[in-house]
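Engineer: What shape does this take:
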Amino acid sequence: MAKDTPPRWDRRMQQRLARGEAAALGELYDRFAPLVHSLANRVLDDSDEADRVTREVFAHVWDNPGTYDPKQGSMRSWVAGITRRTAIRRFRQTEAAAYEANGEGTAEELAELEEKIRRASAAARADYIVGSMPAPLWAALELAYFRRRNYRQTAADLGVTEDEARRRLRLGLQLLSTASTHAADGTSPPGNGRSL
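Structural biologist: You can find the predicted model right below:
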C-alpha cells in the first residue's frame with residue numbers, strides 16, 4: 001500500500017477535524033507543535049509566550065478547521081501562517097503594553113517600537129518560508145548542505161534521478177534566498193498570504 005501524499009493527508013486531517021475527532025487534533029499537534037513553538041519563539045523570544053501561542057494556534061485550528069483550503073497550500077503552511085499572525089499580534093500587544101506602561105514616549109521611542117515590530121515581522125516571514133518548505137526540498141538541502149552530500153549522493157539517498165535532485169536543490173536554495181532577502185530588508189515575500 002502506497003503512502004498517502006501530503007495533500008491527501010491534509011484533506012483527510014481537515015475532514016477529521018471538522019467531524020470533531022480529538023485524535024486528529026492530537027496527531028496534528030504531534031506533527032506541527034515543534035514548528036509552531038519554534039516560529040512563535042523566534043518572534044517573541046520568550047518560551048512561555050511561545051507556549052501560549054502554541055495553545056492558541058491549535059485552539060484556532062480546532063475551532064476553525066473549515067478555514068483551511070487545500071487549494072491554497074499544505075496544512076503545514078496553513079498552520080505556519082496562523083502561527084506567524086498570532087505571534088506577531090502577541091508581540092504587538094506585549095510591546096504596546098510595555099510602551100503604555102512607560103507613559104507617553106517620544107517620537108523616537110515610537111519609531112523604535114515600530115522598527116522592533118518590523119524586524120519581528122520580517123523574521124517571522126523568513127521562518128514561515130523555511131518552515132513551510134516542502135519536505136522533498138528540505139530533505140535534499142539537508143543532505144547536501146548539512147550532511148555534505150553532493151547532488152549525485154543526494155539523488156541516491158533520496159531515490160530520485162540526479163536531475164530531480166538538482167531541481168530540488170535549486171528550488172530549495174531559491175526559497176532560502178527569498179527568506180533571507182526578505183528577513184534582511186523587512187519586505188514581504190510574494191505569495192505569502194495576508195499582510196500583518
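Engineer: low-confidence ranges in the protein?
Structural biologist: 1-6, 99-107, 179-196 (pLDDT under 70).
Engineer: helices or strands up against the longest helix along it?
Structural biologist: When the chain is parsed with DSSP state H, its longest helix is helix 75-101. When contacts are defined as 3 or more Cβ pairs under 8 Å, 6 or more residues apart in numbering; DSSP states H and E, helix 75-101 sits against helix 6-18, helix 22-44, helix 47-63, helix 107-131. C-beta here means a position set from N, CA and C on the backbone, and glycine is covered the same way.
Engineer: what would the ones you listed look like in JSON lines with mean neighbour count and distance to L169?
Structural biologist: Output for the helices and strands packed on helix 75-101, formatted as JSON lines (neighbours: other Cβ atoms under 10 Å; distance: least, Cβ to Cβ, whole Å):
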{"stretch": "helix 6-18", "mean neighbour count": "16", "distance to L169": "20"}
{"stretch": "helix 22-44", "mean neighbour count": "18", "distance to L169": "22"}
{"stretch": "helix 47-63", "mean neighbour count": "17", "distance to L169": "31"}
{"stretch": "helix 107-131", "mean neighbour count": "17", "distance to L169": "15"}
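Engineer: could you dump these to JSON lines with distance to G73?
Structural biologist: Below are those laid out as JSON lines (distance: least, Cβ to Cβ, whole Å):
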{"stretch": "helix 6-18", "distance to G73": "9"}
{"stretch": "helix 22-44", "distance to G73": "14"}
{"stretch": "helix 47-63", "distance to G73": "15"}
{"stretch": "helix 107-131", "distance to G73": "11"}
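Engineer: for those, which one sits closest to D69?
Structural biologist: Among the helices and strands packed on helix 75-101, the nearest to D69 by Cβ to Cβ is helix 6-18 (9.0 Å).
Engineer: can you list contacts of that closest one?
Structural biologist: Helix 6-18 is contacted by residues 4, 23-25, 27-28, 61-62, 65-66, 68, 70, 74-76, 134-135 when judged by Cβ atoms under 8 Å, 6 or more residues apart in numbering.
Engineer: go with 6 Å
Structural biologist: Residues outside helix 6-18 that contact it (Cβ atoms under 6 Å, 6 or more residues apart in numbering): 24, 65, 68, 70, 74-75.
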